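J.: my questions concern the predicted model and sequence given below.
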Amino acid sequence: MNPLLLWFHKLGSPPYFYRLAGRLLPWLWGLALIGLVAGLYGGLVLAPADYQQSDAFRIIYVHVPSAWMSMFIYAFMAANGFVALVWRIKLSETLAMAAAPIGAAFTAICLATGSIWGKPMWGTWWTWDARLTSELVLLFLYLGVIGLYHAIEDRRQASRAAAFLALIGIVNLPIVHFSVKWWNTLHQGSTVKLFGPSLIDGRMLWPLLVMALATKLLFAASLLSRARVDLLELEAGKEWARQVALAGERT
Amino acid sequence: MNSPTPDEAPPLLQARGLTYLRNDEPIFGPLSFRLYAGDVVLMEGDNGSGKTTLLKVLSGLLEPSAGTVLLNGEPLTLARLSHQVSLLGHLLGIKGDLSPLQNLRFAIGLGGLRPGITPHQALKSVGLEGYEDVPVRQLSAGQKKRVALARLLLVPAALWLLDEPYANLDRDGIALVNRLLELHALRGGAALITSHGAYAYTSGTPRRIDLRDTAVEQAA
Amino acid sequence: MNSPTPDEAPPLLQARGLTYLRNDEPIFGPLSFRLYAGDVVLMEGDNGSGKTTLLKVLSGLLEPSAGTVLLNGEPLTLARLSHQVSLLGHLLGIKGDLSPLQNLRFAIGLGGLRPGITPHQALKSVGLEGYEDVPVRQLSAGQKKRVALARLLLVPAALWLLDEPYANLDRDGIALVNRLLELHALRGGAALITSHGAYAYTSGTPRRIDLRDTAVEQAA
Amino acid sequence: MSYGSSASACRALLVRDFSLVWRRRGDALNPVLFAVMVVMLFPFALGPEAAVLARISAGTVLVALLLAGLLSLDALFRSDLEDGSLEQLVLSPHPLPLLLACKILVHWLTTALPLIVAAPVLGELLYLPRDVLPVMMAALALSTPLLSLIGAVCVALTVGMRRSGMLLALLVLPLYVPVLIFAAGACNAAQQGLPVLAPLLWLGAALALALVLAPLACAAALRISLS
Amino acid sequence: MSYGSSASACRALLVRDFSLVWRRRGDALNPVLFAVMVVMLFPFALGPEAAVLARISAGTVLVALLLAGLLSLDALFRSDLEDGSLEQLVLSPHPLPLLLACKILVHWLTTALPLIVAAPVLGELLYLPRDVLPVMMAALALSTPLLSLIGAVCVALTVGMRRSGMLLALLVLPLYVPVLIFAAGACNAAQQGLPVLAPLLWLGAALALALVLAPLACAAALRISLS
Ligand code: HEM
Ligand SMILES: Nc1ncnc2c1ncn2[C@@H]1O[C@H](COP(=O)(O)OP(=O)(O)OP(=O)(O)O)[C@@H](O)[C@H]1O
Ligand SMILES: Nc1ncnc2c1ncn2[C@@H]1O[C@H](COP(=O)(O)OP(=O)(O)OP(=O)(O)O)[C@@H](O)[C@H]1O
Ligand SMILES: [Mg+2]
Ligand SMILES: [Mg+2]
């Protein structure tokens, strides 16, 4: 086996992953927190007010990163689901299912911040345009995956069924992203330039990019935390899990 | 038992280190055994010992957590398996709204027909003459089971996997199952049946598989 | 048998010319029999002979087409009947989502509690110690049946109507049913049980009711 | 020997049914999700014009809740029938109407109540005018128990049948229509600024009647369909 | 020995499923009746103004048919699962996607086709403009098979569960929404005198894709949920 494949194989083994994730977690949480604080400070305090929307636009620093995450996590979940279905790798099953609630949360945040923003901008909390609708459908897909996972008794069968559903639902992702292009919608087009080339200067852009990075780290951190717990539960009968539990009792 | 020696022909069914875990709890341990043409093997076990689960694994409905199932020496794939295997489970696979005859016709369409027998003859030989066109729903528990037994007679499968074939049957019915098993063995088929042990295959001493005995290869 | 003579006390259960027609076809003929305290009566019959139907009529779930059922000498009404009768049918009346303990607590709430026994003790005596809090769904067929048997122990009914209590049980389970029946008879209860005849109540020779014998009063 | 009182039987039944719902608490949210989805389908089907949607909002929310309630009805006795608990219930020494009333109560609390809580959100999705909302909530509070009670009688009639779902809908809907007419009447009156009390009072009267009669009818229907 | 060809297996399956539908031919009409009732509820809920009803007629008919189809989905594999026939089907030597395609075909023919036939009447109940009708029929002809195919995949995923009805709705509706949007889009375009070809072509393309992929996906899903 070539070294890369070998490493992949090793990573796929629950005990190894458990320990690796345990070592990574403090770093991830720390970096995510620093990034979030920096991004929010940059966005809410340092960035200049928009000339059209004054301070209302600042919600962009929560809205856009969580919108991006809602799609990114879905893709991540579906990819892991694919691996789980084809190669039956337990770790992928766990990762896919651990990602689903996080993705649902980001989707919900995107929807909530979007409609809070929509009230001053469009004069309504909600309209039925293509981007908003497809994002809502995304939320329902997440809920469907979670619901299916919890409705089945056998954990591994449950994660395979849910992974399958996640794969089917992936057709929705391009619709979310390109909806602004395919249909003429109320929602902004997909460039930040819409704010006007003169105004989207560095001081407005960098906090957004920092937030995008920080939310990715946040996702990674909470994903690994959840996956560790799930793995421990799944492998409760195994020797390594018993040792972990014993060690936990001793400390 | 007219089993050929192992090096002559591969066994009809061979289990190698078969294990099944449900939520990582072992249901049955590593089991290894072989079935040759002409074998009727009785699998006894207490309530909850995993008999039903084993039959599902052997038929390919469930995937084993470890170990392999070989049919005629080749590993089990869903496509190959099914010509060879008839499974009779706790659920009989019979439509209550259709007549026994319609049910059997469907089974033939799906699984093929053994030469030299018709659905009518099969129903007659399980004691359901006169019930050909009654909806199965209106039959009693034991009569339904007989319809499922008639299906075994019709479909040309060499390996029968029968889950508690004696349950719900009266004494006549039990004798009938034993007759069918004998006939099947004589024709070169093999059968694996489960039972709680109060009824059993009575012709000769059938070989037994014990689900708790995981150490060595059994009944080989 | 410790039956008092008829003129001393009315029989616990008495059937008089009981007939049941389904779609105007007779399922069982006019049947007459009596059960006194301490009786265990076995009802044998082939598949489809109407055993299940008779038990439903006796419990009051179905209304007889002709004849009457008397409980302690009084005609059966749903309200009176139910303190006296426990029915164990093909369907056990147990919730798969709840634990054995929760199921038994509900049964007690509904039917009352026999003095001197607790749900824990009842589960222990049917061999389900350690399974108190597992969802019943995850038990095997035989273990579920044992939960239903524990219910019989707890609820203070004098008359047990048991439909194939032995089905799905292993040898231990069969012995358990027989022990429970003996105990019940000793305490002055009565039981009517159905079976295909391969297993039976083994303590002494139980009285039998034959569903085909419609001429005279049986086992009186 | 203690045969137990009817009160303790009811308590045991309530405890059991709530434990069952709790064991499958995910399912308890399903009617709400279903209603949300039906309501969401309308903007897709009709296009997103706020004026059109506002005009039909109260009616559509009522229909969606009615359908969600209808679909959850089937579960009322199904599992009890399938595992034989229903036979045990019928054979119990306690008054069957009382026991059934307990079952209906649990069903209403666990399916209809969440729907009522969700109704304002559903209305918002369809631009329901704000001043109609209180009237709609009042109409729902009166009509959903009524629907549960009426529904239970019909379920009891179809309980022995396989694949009864559609048949049930057919039996139930004609009885639901009058309820719908009064509830929607109140909402439409509110939308047009007319007095709303009369239809609400009618609903209240019907509810009082149903509270007494429905459990009795339900018990009778159940006895018929089990035999 | 004759093991039988896949063609004869399909024929046997079709014969059996049609006989089953015929045995319960009363049930076959139920989806139609359900759709009729949902459509009928709207005049009660909204009041009988013809202008309002005409505006929402096409959309409401589409939603009603979609819901009726959704509710009949559950029956697709349920009875086969409950009596063990599904295991026999999965264990049969013939390609499972082919067998499932036959089952889906029967399901479409016996539930969706009657709905399409009934659609003009439903439209009439809500004053559907006459010139929109042909477009609506075309949209239905293309979208109902698509719904059956997509639905079958989701049903296959939930087939092993008790009380899956609501979960099924949750899984299916997000996938139904795009179909509904295109179908309703065509109808609304027709109502406003705009060109209708584009959405219909999209539906056709999706149908062609689903005809190939859905049976395969359905078989895979079924294997997962039976194991
Ligand atoms: C509930 C309402 C809303 C939802 C569901 C929503 C959803 C989304 C989604 C999914 C994205 C990511 C698209 C992609 O990257 O492909 C996005 C981006 C964005 N949204 Fe919203 N949005 C909503 C309301 C709003 C409002 C009211 C505004 C401001 C007027 C807004 C401004 C933006 C901007 C500027 C972007 C970034 C576009 C880019 O450069 O990619 N959104 N939104
Ligand atoms: N769906 C399930 N979920 C979880 N555990 C299960 C499930 N089905 C069976 N089991 C468990 O698996 C074990 C084996 O069950 P199985 O049905 O194979 O036993 P069996 O030998 O057929 O028993 P019986 O003689 O009672 O039919 C049992 O201990 C049971 O509790
Ligand atoms: N729902 C029904 N509709 C019509 N006929 C029925 C129905 N249920 C049972 N029967 C018929 O009534 C007769 C008696 O059935 P019953 O179930 O009482 O028999 P049983 O003695 O319990 O049989 P088994 O030993 O097989 O359980 C049978 O001949 C059967 O065909
Ligand atoms: Mg078993
Ligand atoms: Mg019986």
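T.: Thanks, I have the structure now. Residues are numbered from 1 along each chain as shown, chains lettered A, B, ... in the order given. Ligands and ions are numbered 1, 2, ... in the order given.

J.: phi first, then psi, for residue A:40.
T.: phi -70, psi -40 (degrees, to the nearest 10).

J.: so which residues of the chain form strands?
T.: In the absence of a named chain, chain A is used. Using DSSP state E, no strands are assigned anywhere in chain A.

J.: try chain B instead
T.: Using DSSP E, strands in chain B cover B:13-22, B:25-35, B:40-44, B:66-71, B:74-75, B:85-88, B:159-162, B:190-195, B:207-210.

J.: could you dump those to JSON lines with mean pLDDT and distance to residue E:199?
T.: All C-beta atoms are positioned from the backbone trio N, CA, C, and that covers glycine. Shown next, in JSON lines, are the strands of chain B (pLDDT from 0 to 100; distance: least, Cβ to Cβ, whole Å):
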{"stretch": "strand B:13-22", "mean pLDDT": "87", "distance to residue E:199": "48"}
{"stretch": "strand B:25-35", "mean pLDDT": "84", "distance to residue E:199": "52"}
{"stretch": "strand B:40-44", "mean pLDDT": "83", "distance to residue E:199": "59"}
{"stretch": "strand B:66-71", "mean pLDDT": "87", "distance to residue E:199": "51"}
{"stretch": "strand B:74-75", "mean pLDDT": "81", "distance to residue E:199": "49"}
{"stretch": "strand B:85-88", "mean pLDDT": "88", "distance to residue E:199": "48"}
{"stretch": "strand B:159-162", "mean pLDDT": "91", "distance to residue E:199": "52"}
{"stretch": "strand B:190-195", "mean pLDDT": "87", "distance to residue E:199": "57"}
{"stretch": "strand B:207-210", "mean pLDDT": "64", "distance to residue E:199": "62"}
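
J.: just send those back as JSON lines, with mean neighbour count and distance to residue A:188 too.
T.: Below are those laid out as JSON lines (neighbours: other Cβ atoms under 10 Å in any protein chain shown; distance: least, Cβ to Cβ, whole Å):
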{"stretch": "strand B:13-22", "mean neighbour count": "19", "distance to residue A:188": "51"}
{"stretch": "strand B:25-35", "mean neighbour count": "18", "distance to residue A:188": "53"}
{"stretch": "strand B:40-44", "mean neighbour count": "22", "distance to residue A:188": "67"}
{"stretch": "strand B:66-71", "mean neighbour count": "16", "distance to residue A:188": "55"}
{"stretch": "strand B:74-75", "mean neighbour count": "12", "distance to residue A:188": "57"}
{"stretch": "strand B:85-88", "mean neighbour count": "24", "distance to residue A:188": "59"}
{"stretch": "strand B:159-162", "mean neighbour count": "23", "distance to residue A:188": "62"}
{"stretch": "strand B:190-195", "mean neighbour count": "24", "distance to residue A:188": "66"}
{"stretch": "strand B:207-210", "mean neighbour count": "17", "distance to residue A:188": "69"}
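
J.: with adjacent residues omitted, what lies nearest to whichever residue of chain B sits closest to chain D?
T.: Of all residues in chain B, the one sitting closest to chain D is residue B:96 (8.4 Å; Cβ to the nearest Cβ). Of all residues not flanking residue B:96 in the chain, residue B:137 sits nearest, at 3.5 Å (Cβ to Cβ, 6 or more residues apart in numbering or on different chains).

J.: confirm for me that that neighbour is in contact with residue B:99.
T.: No. Using Cβ atoms under 8 Å, residue B:137 makes no contact with residue B:99, being 10.0 Å away.

J.: neighbour count winner among those two?
T.: Neighbours per residue, other Cβ atoms under 10 Å in any protein chain shown: of residue B:137 and residue B:99, the larger number sits with residue B:99, 21 against 13.

J.: which ones are touching the closest residue to the more buried one other than its chain neighbours?
T.: Leaving aside its chain neighbours, residue B:99 sits nearest to residue B:133 (4.6 Å; criterion: Cβ to Cβ, 6+ apart). Residues near residue B:133 by Cβ atoms under 8 Å, 6 or more residues apart in numbering or on different chains: B:99-101.

J.: tell me the confidence at residue B:133?
T.: Note for residue B:133: predicted pLDDT of 89.

J.: and residue D:204, by the same measure?
T.: Here, the pLDDT recorded for residue D:204 equals 93.

J.: report whether the host helix or strand of residue D:145 contacts chain C.
T.: Applying DSSP states H and E as the criterion places residue D:145 in helix D:133-158. No. If you take Cβ under 8 Å from any Cβ of the partner chain as the test, helix D:133-158 misses chain C, and the best it gets is 15.1 Å.

J.: quick one: list the elements packing against that helix.
T.: If you count contacts as 3 or more Cβ pairs under 8 Å, 6 or more residues apart in numbering or on different chains; DSSP states H and E, helix D:133-158 packs onto helix D:50-73, helix D:75-82, helix D:96-107, helix D:113-125, helix D:165-191, helix D:197-226.

J.: could you dump these into CSV with distance to chain E and mean neighbour count added?
T.: As requested, the helices and strands packed on helix D:133-158 are exported to CSV (distance: least, Cβ to the nearest Cβ, whole Å; neighbours: other Cβ atoms under 10 Å in any protein chain shown):
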stretch, distance to chain E, mean neighbour count
helix D:50-73, 3, 24
helix D:75-82, 6, 19
helix D:96-107, 13, 20
helix D:113-125, 12, 19
helix D:165-191, 3, 21
helix D:197-226, 13, 17
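
J.: out of the ones you listed, which comes closest to chain C?
T.: helix D:197-226 (6.3 Å).

J.: quickly check: the closest one near chain C or not.
T.: Yes. Contact of helix D:197-226 with chain C (Cβ under 8 Å from any Cβ) involves D:223, D:226.
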